[in-house]
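1. give me a 3D structure for the following:
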Amino acid sequence: MESKFKLLIDSFGKERFKFNEPLKQYFATEVGGPAKLFFIVFVTQELIKIINLARDLNLPFLLFGTGSKIMISDQGFDGLVIKNRTKNIQTVSVKGKVTKYGIGVDEALVEVDSGVSIKRFMEYLDTQGLESIDFAGVPGSIGGALFVSRFLQNRTKSIKILDLKSEIAEISPGILSPKKHIIISALFRIRALKR
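-> This is a model prediction of the structure:
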């Protein structure tokens, strides 16, 4: 396995990895032994690249976001652990109407990277004049929460995923599966705040 780790390290640079990193500091449960190899991704291209490399090398890997819904054994993980800190949020379109009083926004489509925390997503929505209150109380990051929250799935127009063949696809929330998909980003329908 060491030669497989070396191939990964050579692809990203030794300074990007931590070795035998204690995991308990990354999880809400504060439980977990060391990861043989630990890596933090900040952009989606890195996320896709490292997962594809791990798959090509047949290297066991574990991907997590905020760590609010995960628990690792005190024995640790004998493979690659990837912390997803991808952070892009962007409004890709708005729907509304123009009246004699100005432009009114009714709804926006907002694309959010899977590593974005629900809290940060809510802050973004607040600054854009979009409804965020419905997301209060949903823990974790977009990527993890979408697998378990029917509420989030109902607000999602589409999800960009990496499938088992390492191909990127857009799917509907209804067919999302943790056994088949790694979430890259999600496109949400968000209503504008009532004025």
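2. name the helices or strands packed onto the helix or strand containing residue 145?
-> Using DSSP states H and E, residue 145 sits in helix 142-148. With contacts taken as 3 or more Cβ pairs under 8 Å, 6 or more residues apart in numbering; DSSP states H and E, helix 142-148 sits against helix 118-127, helix 150-154, strand 182-191. The way it works is simple: take the backbone N, C-alpha and C, and place the C-beta from them, glycine included.
3. per-residue confidence averaged over that helix?
-> Helix 142-148 comes out with an average pLDDT of 93.
4. now do the contacts for residue 146.
-> Residue 146 is in contact with 114, 152-153, 156, 159, 173, 176, 183, 186, counting by Cβ atoms under 8 Å, 6 or more residues apart in numbering.
5. roughly how far apart are the residue nearest to the spatial centre of the chain and residue 75?
-> The residue lying closest to the centre of the chain (Cα atoms, centre = their mean) is residue 114, at 2.0 Å. Distance, residue 114 to residue 75, by Cβ to Cβ, to the nearest Å: 27 Å.
6. can you check residue 113 too?
-> 31 Å.
7. looking at those two, which is more packed in?
-> Legend: neighbour count by other Cβ atoms under 10 Å for residue 113 and residue 75, higher for residue 113 (27 against 9).
8. beta partners for the more buried one?
-> residue 185 (DSSP bridges).
9. surely it meets residue 160?
-> No. Look at residue 113 against residue 160 with Cβ atoms under 8 Å: they stay out of range, at 9.5 Å.
10. adding distance to residue 36 and mean neighbour count, write the helices and strands packed on helix 142-148 out as a markdown table.
-> Listed next are these as a markdown table, based on distance: least, Cβ to Cβ, whole Å; neighbours: other Cβ atoms under 10 Å:
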| stretch | distance to residue 36 | mean neighbour count |
| --- | --- | --- |
| helix 118-127 | 29 | 17 |
| helix 150-154 | 32 | 14 |
| strand 182-191 | 20 | 21 |
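11. for residue 64, find the nearest of those.
-> For residue 64, the closest of these is strand 182-191, at 11.4 Å, according to Cβ to Cβ.
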